[in-house]
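Q: what would the 3D arrangement of this be:
(4 chains)
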Amino acid sequence: MDFGFTDDQRDIQRTARDLLGERARPERVREHAESGRMDTELWRELCELGWPGIAISEEHGGGGLGLIELGILCEELGRSLAPVPFLPSAMAAAVIEHGGSPEQRGRWLPSLASGESIGALGTALDGTAEFVIGGADAQVIVLIEDDGSARVLAADEAEVSPLASIDPTRSAARVSAEDGGELLADGCAGLGRALVAVSSELVGVCDRALAMTVEYVKERKQFGVPVGAYQAVSHRCAQMLLETEKARSTAAFAAWTADSDPERLAEAAAMAKAAASDAGREVTASAIQAHGGIGFTWEADVHWLYKRAQVDAVLLGGAGRHRARLAEILADKVRASAAA
Amino acid sequence: MDFGFTDDQRDIQRTARDLLGERARPERVREHAESGRMDTELWRELCELGWPGIAISEEHGGGGLGLIELGILCEELGRSLAPVPFLPSAMAAAVIEHGGSPEQRGRWLPSLASGESIGALGTALDGTAEFVIGGADAQVIVLIEDDGSARVLAADEAEVSPLASIDPTRSAARVSAEDGGELLADGCAGLGRALVAVSSELVGVCDRALAMTVEYVKERKQFGVPVGAYQAVSHRCAQMLLETEKARSTAAFAAWTADSDPERLAEAAAMAKAAASDAGREVTASAIQAHGGIGFTWEADVHWLYKRAQVDAVLLGGAGRHRARLAEILADKVRASAAA
Amino acid sequence: MDLTFSPKEIAFRDELRGWLAENPPAPEPAEGGEDEGGEGAQFKWRRDWQRRLYDAGWAAPAWPTEYGGRGASLTESAIYFEEIGRARVPMAANVLGLLLGGPTLMVWGTDEQKERHLPPILSAEEIWCQGFSEPDAGSDLASLKTRAVKEGDEWVVSGQKVWTSGAQYSKWCMLVARSDNEAAKHKGLTYFLMDMEQDAVQVRPLRQITGEAEFNELFIEEARIPDANVVGGVGNGWKVALTTLMNERAGLGFALQIRLRQLLDDLIAKAAERGLLDDARIADALAELHVRCESIRLLAWKGLTDVERYGQPGPEGSLVKWLWSDTNQRLTQLAVDIVGPEALTAGESWSYELLRARGNTIEGGTTEVLKNIVAERVLGLPRLKVAA
Amino acid sequence: MDLTFSPKEIAFRDELRGWLAENPPAPEPAEGGEDEGGEGAQFKWRRDWQRRLYDAGWAAPAWPTEYGGRGASLTESAIYFEEIGRARVPMAANVLGLLLGGPTLMVWGTDEQKERHLPPILSAEEIWCQGFSEPDAGSDLASLKTRAVKEGDEWVVSGQKVWTSGAQYSKWCMLVARSDNEAAKHKGLTYFLMDMEQDAVQVRPLRQITGEAEFNELFIEEARIPDANVVGGVGNGWKVALTTLMNERAGLGFALQIRLRQLLDDLIAKAAERGLLDDARIADALAELHVRCESIRLLAWKGLTDVERYGQPGPEGSLVKWLWSDTNQRLTQLAVDIVGPEALTAGESWSYELLRARGNTIEGGTTEVLKNIVAERVLGLPRLKVAA
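A: Residues are numbered from 1 along each chain as shown, chains lettered A, B, ... in the order given. So this is what the prediction gives:
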């Protein structure tokens, strides 16, 4: 029983954090967010480092690492809010790799692994996905229908209408394709992995929001003492940590099950997404509140975290939907034990 | 637009508070609670003062006052936790008076108004009510079925099995009567009034819990200062006030609609019971927490309030059920405005 | 207890409602589009609207008739804001002058000040803004640093203010500054009317998380204020400012409460449209918001009763502001779950409401400060004394 | 990251699980029924159970083999408590001696103290209790008032203690008292082993809101303690007591977490039985409890990893205790909604759980204190200094 990262995993984490600390500074993120463009330079750099393919099998040109490693990158990218389409691309790749035929994997994965293609994943109703993260930049789009079936489409097979999301550090689009594309053998097989990826990103967002807040409330004084000394503020920060740690531990567990105990992934992924969605909303809202008036300004940058969290929280279903899914799993268990 | 009490109402409030402050001191309440007996002496005194009949029409021997006046007494009795069967009796009378035939009113109300009979009201499934407050002391029992039909029974027409409730300041019983009793013309007509009565009692419970807590945290010192100066405690107290005031204002509104705008009573009563049930649970739990270790002891008396609140909160349905009822009313309004 | 309006109040409401129905405001112009004088199209629209209210005698019904109001009672004034909110008309351009500046002058101003200032406030000829907050002071009014030094019959003022809404359109600023460095913290403050039309005063828009700039920063460098523009006497600024702050929440509360009600009704309709009222979880959350909305309405009216019976508005008003802001945040967050991710599209009104709501628990007294007020002034709990 | 057990750990678990299956405790006796020696039937049952654990070498597997334990690793020790919880066997009678007293002596005790005391702790021959809290001290250990005065080679102790569980059955009390009035607040404390079998020590049961008396008050009037019973040196009581407190939560946490899991499983089964899993509101609340339960399990194991990697348990353990207590309160409250008003019948196990849960956020560090600890020691926020 060991919750710690391996040395290799810690290396990945440290390298990623150092790189993004350098290349995705707040000013740079803001600049791209304000102009609504992805950071193509940074993306190219990440592609050269092999990030997009980290969890794609070596057979298809990826790094062949596990979901824990993918989660580490997602968390770091969430922390920095780097304006690159890493998450949507990784989610699309996971669904293709784990639900596609050998031919489909061979056709779509190599270019996603190299970053030559950008992927996106959306949930659709009758062929239309109202809000696909990364959809405007993607060449490969996976649409999962309510019934669990999924199709891979080249972007030009679909009608893609860019949307101005409240989080302009990442593109979004409405994607519509009544027919066309390739049906995946098992549309849902990779969904759990996609959920872990977005949950990990949310952990990074929460972690950064907490760190910014702690730093701020240690400095900012009111009535002569740092506001962080007041329990109204310090207990709020403690609550932010608790929410973050709930999200982090369930996301880590889900990542572990994906690689080591896949039968429990569906449940673990639903838990992780439920915990992370709630944490993302609450922790970033708390961060704004703890910053006081400053937190409400554009310049304070804390709002970018709030906006990313809002979008991620509803991505592939919000906390409510995943708790409903968990309740079904719990009900199945009760039935199974009653039948036994 | 005037939210204040009339002079007469204020007199009732003051008299009730003075009387109960004298006759239902904590020691006396504890003594009766520990022995599980109602305070017959106090009950006799209240009967002589005409309390049980306050909201029963003069025609049937009551005081002919309104639900606001009834609510004032319920609140004061809740504040003191006096071990008398006032609330169950008043709830039974309200349902009989507003849902019964003239004959039924003539038969049952006078003895309830004088206090000669004690009433009780329970919600039943197929003739059995699992938990009827005051049921073990009652001579007149009203059972409301899930379908909204209601029957009045003399206690000897039913199988009454006393239950040891966690709140021994009031009796409780399981009541079962497959048949027998008199069907009321409209079982639900008086239900809104019964809901307001129990909501008002909860307001009193909250108010007392807050008052005890404020007094305690002003005195109790930790690390050299009164604990009430710490925001962890003072903000908790503020939250208790907010919950109490939400419950108080919705209960007052519901009481007012009963007498002056009865078409809105169903909605207003559901709001009041939802707000008061939540407030009762939260405020009394907070009271224990703010008292620290002392609050967990039997001697501190704050647990009696918690126990009463727990029972009242589920009486005639908990907050969830009443919010579900409200949602139905809201949905009806949407449909009506769509049809208009 | 009587939760109905009197015949007089009903007549007042019906007259206003009738007038609003017959005099709808012009259609709302698009954002942006500054005209020559630097006045945005939106602000011009609000100024035009206030002029029409003024012409009809509806700009400030709560003001005494001698100053151009209607001498409306507190209840009538509340009705006024409820109806203004219900009709979804724009906010009067000079809302701070009407609600804060005017009433403060009526209490503390000299006859000359009243005569000079009240008419152009009412007609929207001169817009007012409020210069209380400072970057380093936050919730702590007593630690203001903007300094005023007497030179002859003028005051020379330097400092920085923040959260001044409408500063770019304003002629006058209600400014609180430190006029005595020696006096105890809140005793050395004075309340001034500062002319904004001088180079010494620079306005910089403060962009907020919604992307718009409702507020501004003021940079004041040796601005000149004639001694005649001191309000309420030198060194009395703390008290005068409190009068302003007391008035801040009273009327607007009713407009905000109605706005919340409208948003909730919109959301319930949306949920019904999507069949989500059958989802017990969503239904429960909406019903809870309904209970909160009604509590806010009831508590606001109850506060009014207390004022009418016992005089000044009590600190219980803090409960209403606290509950309102928390409820608006919950409501706009629930909207995302009901409307779906589309609600997070910039420009969608729900996304604006979601972002804007985050300011509710900060502006006009943070929730933390409101809880302190409730604990200390309503419950009488001891004040926390901290050591540095 | 590896969330599986090693073969050695699995063998440990299976051996214990097998032993527990083959050696079920006697049926739980009814409450009350004091026997001659004043020992309740329940406590006798727990003492008998510990003797059986002891005879099989399962009383304190975490203790080193030289003291009669198994030298179990941290993970094995956690497994031990999970299995003990899972098997729903009683708590060992001398739980405080096994978890706190013994380990504290192992760190701070003299060879004589270890030799004298460890064996009867393990065999339940001598029961231990903890005398830290005082009526006026609450969360503030440094302000203890119980006083110890040296007379010859004895200490004379007077004062009052509270929240001492099992005091009526105890031979020894881990007592912290003030041995030096002049020293700075927490420097004047000394840690003693006090013999409870003297008239100078009176035990009064402290009835709690469940009606039972898990805890006691101790009234100490000139009790005598030989100097040889000082643990860790005179004036070093603060440090020694911290060792005890550090150990307090570590092991028990795993038993509590399993107990929570069992309660939740019972509740889910109950909800299924009543068809309430189809009610989206109830299903949502249960699923949320499931997430919290799993988070507690994961965070508890994660804390163990940290200890194994970096030494001492970190203050993050406070998160687990905080989350556990809050979750248990929510769970037992939801049970009332699922089971119905019958859950509020005295004697019904759900009513007991509901009432008992209220103590969870108070005992073993109030939630308020835990939040302070998290803020100061994990997040590094400044400590609040208050002025009287």
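Q: chain A contacts on the stretch 151-300 of chain C?
A: Proximity of the stretch 151-300 of chain C to chain A (Cβ under 8 Å from any Cβ of the partner chain) is limited to residues C:Val162, C:Trp163, C:Leu206, C:Arg207, C:Gln208, C:Ile209, C:Gly211, C:Arg281. In this view, the C-beta of every residue, glycine as well, is placed from N, C-alpha and C.
Q: what's the neighbour count on the last one?
A: As a burial measure, the neighbour count of C:Arg281 was computed by other Cβ atoms under 10 Å in any protein chain shown and equals 19.
Q: over to the second one?
A: By other Cβ under 10 Å, the residues close to C:Trp163 number 25.
Q: give the contact list for it.
A: A:Gly293, C:Phe132, C:Ser133, C:Leu206, C:Phe215, C:Glu363 (Cβ atoms under 8 Å, 6 or more residues apart in numbering or on different chains).
Q: which pLDDT value belongs to the third one?
A: If I follow you right, that is C:Ser133. C:Ser133 carries a pLDDT value of 89.
Q: list the beta-bridge partners for C:Thr190.
A: C:Ala177 (DSSP bridges).
Q: give me the distance between it and A:Phe223.
A: 22 Å (Cβ to Cβ, to the nearest Å).
Q: what of C:Lys171?
A: For C:Lys171, the distance to A:Phe223 - Cβ to Cβ - is 34 Å.
Q: more neighbours: which of C:Thr190 and A:Phe223?
A: C:Thr190 (26 against 16).
Q: most neighbours out of the residues of the stretch 151-300 of chain C next to chain A, which is it?
A: Neighbour counts for these (other Cβ under 10 Å) peak at C:Trp163, which has 25 neighbours.
Q: what's in contact with stretch A:200-213?
A: Contacts of stretch A:200-213 (Cβ under 8 Å, 6+ apart): A:70-72, A:74-81, A:87, A:237, A:240-241, A:243-244, A:247-248, A:251, A:255, A:276-277, A:279-280, A:283-284, A:286-287, A:290-291, A:301-302, A:305-306, A:308-309, A:312-313, D:379.
Q: hmm, back to that, closest to chain D out of the residues of the stretch 151-300 of chain C next to chain A?
A: C:Arg281 (4.3 Å; Cβ to the nearest Cβ).
Q: just the buried residues out of the contacts of stretch A:200-213, in PyMOL syntax.
A: Command for PyMOL, covering only those of the contacts of stretch A:200-213 found buried under the criterion 16 or more other Cβ atoms under 10 Å in any protein chain shown:
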select buried, (chain A and resi 70+71+72+74+75+76+77+78+79+80+81+87+237+240+241+243+244+247+248+251+255+276+277+279+280+283+284+286+287+290+291+301+302+305+306+308+309+312+313) or (chain D and resi 379)
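Q: among the contacts of stretch A:200-213, which ones lie close to chain C?
A: Okay, of these touching chain C (Cβ under 8 Å from any Cβ), that's A:Tyr306, A:Ala313.
Q: what sits up against stretch C:357-367?
A: A:285, A:288-289, A:292-293, A:295-296, A:303, A:306, C:139, C:163, C:208-209, C:248-249, C:318, C:321-322, C:324-326, C:328-329, C:331-332, C:373.
Q: same thing with stretch C:317-331?
A: Contacts of stretch C:317-331 (Cβ under 8 Å, 6+ apart): A:285, B:241-242, B:245-246, C:249-250, C:253, C:256-257, C:260, C:263-264, C:267, C:285, C:289, C:292-293, C:295-296, C:299-300, C:303, C:357-358, C:360-361, C:364-365, C:367, C:370-371, C:373-374, C:378.
Q: among those residues, which are in helices?
A: Among the contacts of stretch C:317-331, the members falling in helices (DSSP state H) are A:285, B:241-242, B:245-246, C:249-250, C:253, C:256-257, C:260, C:263-264, C:267, C:285, C:289, C:292-293, C:295-296, C:299-300, C:303, C:357, C:367, C:370-371, C:373.
Q: which helix or strand in chain A has the lowest average pLDDT?
A: None of the helices or strands of chain A scores lower by mean pLDDT, DSSP states H and E than strand A:221-222, at a mean of 88.
Q: beyond that strand, next helix or strand please.
A: strand A:225-226 (DSSP states H and E).
Q: on contacts alone, who are the packing partners of that next one?
A: Where contact means 3 or more Cβ pairs under 8 Å, 6 or more residues apart in numbering or on different chains; DSSP states H and E, strand A:225-226 is packed against helix A:191-219.
Q: which parts of the helix it packs on are buried?
A: A:191-210, A:212-214, A:216-218.
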